[in-house]
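J.: Sequence first, then the predicted structure, then my questions.
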Amino acid sequence: MRILVSNDDGIYSPGIAALARAAVRFGDVRVVAPDVEQSSTGHAITHSRPLTYRRTPLGDVDAYRVNGTPADCVALGAHHWDKVDVVLSGINFGPNIGNGMWHSGTLAAAKQAALLGIKGIALSTPVNDSEPDFDRLQPWVTRVLDLLLADSTLQLVNVNFPTNPRGMCWTCQSIRQYDGVVIPGKDPQGRHVFWLSVEPVEHTEEGTDRWALENGYVTITPLSLDLTHHAQLIDGRRRDPLDWP
Ligand code: MN
């Protein structure tokens, strides 16, 4: 099995090293990741300048750093390595759940894989006061890969590991509330500045990724690339077919 590993925290993140270590048990691993952090860049691609890559030492793994986004890295990695079976992205510093998924560069790398017809799996974990303990997560990462790599029906999956997992759950995306918030402040010159940040959501619905993560479960959310609201499409066509032939 050919496993391409990427992320959005950059190739020097301990999270990608941990993911590559877990992945080598399952097949041939190659790391292609951004040369600097690209968190929250979403699914941006670079088209107004050329991309380059450089070989980078990363343990025993074949690794390359790219001056581009997570999606660029997967596009370039899949271009240079025939028949990639799966793209793993992460392990991200910080959860990727709920509506935050729209901004996630970690998830974008997995989505880029799915767009290319390759299975894509995004993996993330919260960051508390200390750095994530990837040694503690390692058995859970292995269990997740055991499950998801064997399932040929899955296209795109979003996974989050709590700090201390006590189990794993299939979950849906929490869409009840958007936790993006603008926090105003002042710079040293007294000028207005604004931080885009997040605010904790008080109520979470059972069965969602947010709920499972808060309750100590590894979240496994199967995703689809189709953004169409099918019920509203049918409804719209029924009410007024417009110029449909
Ligand atoms: Mn990140």
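T.: Received, thanks.
J.: How about the contacts made by F161?
T.: F161 makes contact with I91, L123, S124, T125, L137, W140, V141, V218 under the criterion CB atoms under 8 Å, 6 or more residues apart in numbering. No exception for glycine: its C-beta is placed from N, CA and C like everyone else's.
J.: Could you rerun that using 6 Å?
T.: T125, L137, W140, V218 (CB atoms under 6 Å, 6 or more residues apart in numbering).
J.: Check L88 too.
T.: V5, L19, A23, I121.
J.: Can you tell me what sits against stretch 121-140?
T.: 18, 88-96, 106-107, 110, 148, 157-161, 165, 218.
J.: Next step: those residues restricted to strands.
T.: Among these, DSSP state E puts L88, S89, G90, I91, N92, F93, V157, N158, V159, N160, V218 in strands.
J.: Give me the below-cutoff pLDDT ranges for this protein.
T.: 200-201 (pLDDT under 70).
J.: Next up, phi/psi of the residue nearest to S104 when sequence neighbours are not counted, please.
T.: Leaving aside its sequence neighbours, S104 sits nearest to N96 (CB to CB, 6 or more residues apart in numbering; 4.4 Å). Recorded main-chain torsions at N96 are phi -130, psi 90, according to degrees, to the nearest 10.
J.: swap in L115?
T.: Torsion angles, degrees, to the nearest 10, at L115: phi -60, psi -30.
J.: Could you do N99 as well?
T.: Dihedral pair for N99: phi -70, psi -10, per degrees, to the nearest 10.
J.: again, but for D209
T.: phi -60, psi -40.
J.: do the same with W195
T.: phi -100, psi 130.
J.: Name the nearest residue to it, sequence neighbours excluded.
T.: Nearest non-adjacent residue to W195 (CB to CB, 6+ apart): I183, at 4.5 Å.
J.: and the helix or strand encompassing that neighbour, which strands flank it?
T.: Using DSSP states H and E, I183 sits in strand 180-186. Under the criterion DSSP bridges, strand 180-186 sits next to strand 192-198 (antiparallel) in its sheet.
J.: quick one: L233 is in a helix?
T.: Yes. Per DSSP: H, G, I helix; E, B strand; the rest coil, L233 lies within a helix segment.
J.: The residue nearest to S104: neighbour count?
T.: Here the number of neighbours of N96 (other CB atoms under 10 Å) works out to 28.
J.: That one touches H103, doesn't it?
T.: No. N96 is beyond contact range of H103, at 8.7 Å (criterion: CB atoms under 6 Å).
J.: Now P34: closest residue in space that isn't a chain neighbour?
T.: G10 (5.3 Å).
J.: pretty sure the one you found contacts V31?
T.: No. Assessed by CB under 6 Å, G10 is found out of contact with V31, at 11.3 Å.
J.: can you give me the helices in the chain?
T.: For the chain, applying DSSP state H gives helices covering 14-23, 70-80, 105-115, 134-149, 209-214, 230-239.
J.: Which one of those lies nearest to the ion?
T.: Relative to the ion, the nearest member of the helices of the chain by CB to the ion is helix 105-115, separated by 5.5 Å.
J.: near the ion, which residues of this protein show up?
T.: Contact residues, the chain versus the ion (CB under 5 Å from the ion): D8, D9, S39, N92.
J.: quick one: which of the residues you listed is nearest to the ion?
T.: S39 (3.3 Å).
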